[in-house]
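Novice: missing the sequence, but the structure's below:
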């Protein structure tokens, strides 16, 4: 059975968070919360946004990607006050998905990344046609590695000189590949 994008919910909820499909209206919050912050974007796969137009272009690609069934990105907000604190989601490659997230530095160390990632995994485990759930991190990104392990991922491999992170001089870096070991579908 193939993965069906119309079965991916546009909103998810956890005890403390609301994850909602990204919208153009989120641009300024995204820019000021994390996308323009070098400390937030150091380990991500895209360049730090210098201008709000960078964030708007990103949202155009992401929104188009959702319609095409390849990019399912959510804004992550606190339930208590609706404040945007980060983003998370997954990229779909015909049923092989890769999970990722990014948070503003004011919201690190509070368990939000783990909570949001666990919810994404719960939803992905219910989707027909998904045969692999994975993620990767820079080998130096110990905090994200801990988040993935707490969310149920296991380390699969260390890949030497595997990815160029644009905010780290674009030199090849060692990465740790993670996967969810047993899918529930």
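Specialist: Everything's here; your move. Everything numeric here is computed off the predicted structure, so don't read it as measured data.
Novice: quick one: buried residues of stretch 49-57?
Specialist: Using 16 or more other CB atoms under 10 Å as the test for burial, stretch 49-57 gives 49, 54, 55. To be clear about C-beta, it is placed using only N, CA and C from the backbone, and glycine gets the same treatment.
Novice: show me which of those residues is closest to residue 109.
Specialist: Of all these, residue 49 has the smallest distance to residue 109: 23.3 Å, by CB to CB.
Novice: which ones are touching the closest residue in space to the closest one that isn't next to it in sequence?
Specialist: Spatial nearest neighbour of residue 49, excluding adjacent residues (CB to CB, 6 or more residues apart in numbering): residue 35 at 4.1 Å. If you count contacts by CB atoms under 8 Å, 6 or more residues apart in numbering, residue 35 has them with 41, 48, 49, 54, 55, 58, 102.
Novice: where are the low-confidence patches of this protein?
Specialist: The chain contains residues with pLDDT under 70 at 1-6, 184-185.
Novice: which SSE is residue 156 in?
Specialist: Under the criterion of DSSP states H and E, residue 156 resides in strand 154-164.
Novice: what angle do the helix or strand following that strand and strand 154-164 make?
Specialist: The C-terminal neighbour of strand 154-164 among helices and strands, as given by DSSP H and E, is strand 172-179. Relative orientation of strand 172-179 versus strand 154-164 (axes from the mean of the first three to the mean of the last three CA atoms, to 10 degrees): 150 degrees.
Novice: alright, I will stop here.
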